[in-house]
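[1] here's a sequence, model it:
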Amino acid sequence: MDIRPAAAHDLPAIAAIVEAAYSPYIPRIGKKPGPMLDDYAALIGAGRVSVMVEAGRVLGLLVLVPMEGHMLLDNIAVAPDAQGRGVGKRLMIAAECAARAAGHDEIRLYTHEKMVENVAIYTRIGYRETHRIREKGFDRVYMAKSLGASPNT
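    Numbering: from 1, shown residues only. As a prediction, this is how the structure comes out:
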């Protein structure tokens, strides 16, 4: 498995992964989660999307946005049939490495408050909740992780 910047030809695979990963949350939230509304063609064009590929197939994606003083992990998603293979963990490590390489010592993310399993996963790998806010019509939980000298997810 390799992680590389996403290219325009990856857009159909990225869209399919996002659809599969987030559709199950629609009944719980009552509408499409934020990542389903993003313009992935624009994000790819801006160099914000990375993909994990195996034998030419996109298994997962990562959207990172450099911010003032930290890196924002805007989205991470794994194809359902690739879950349980360490894809998500490798993508999280890649996000932390990218944040360090950009000179940041903190990475932040957010998730919907009704995606309680995500909050639990992020807490388990060292993120701490910083605040909750209603933003863009979503009830979000913001979390942050201080980055040490090496990845430890």
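[2] distance check, the residue sitting furthest away from the middle of the chain against L11.
    Taking Cα atoms, centre = their mean, the residue of the chain most remote from its mean C-alpha position is A55, at 22.0 Å. Between A55 and L11 the computed distance is 19 Å (Cβ to Cβ, to the nearest Å). Just so you know, the C-beta spots here come from the backbone N, C-alpha and C atoms, and that holds for glycine as well.
[3] could you do G47 as well?
    G47 is 14 Å from L11, where distance means Cβ to Cβ.
[4] more crowded one of those two?
    Regarding G47 and L11, a neighbour count based on other Cβ atoms under 10 Å identifies L11 as having more, with 16 against 10.
[5] longest strand anywhere in the protein?
    Using DSSP state E, we find that the single longest strand of the chain is strand 57-67.
[6] quick one: residues in contact with that one.
    Outside of strand 57-67, the residues within contact range by Cβ atoms under 8 Å, 6 or more residues apart in numbering are 1, 3, 6, 10, 13-14, 17-18, 35, 38, 43, 48-53, 71-79, 82, 85, 87-88, 91, 94-95, 98-99, 102, 104, 108.
[7] count the residues that sit near V78.
    Neighbouring residues of V78 were enumerated by other Cβ under 10 Å; the total is 23.
[8] beta-bridge partners for it, please?
    Note on V78: beta-bridge partners G60, judged by DSSP bridges.
[9] quick check: it touching L91?
    Yes - the pair V78 / L91 is scored as a contact, 7.3 Å apart, by Cβ atoms under 8 Å.
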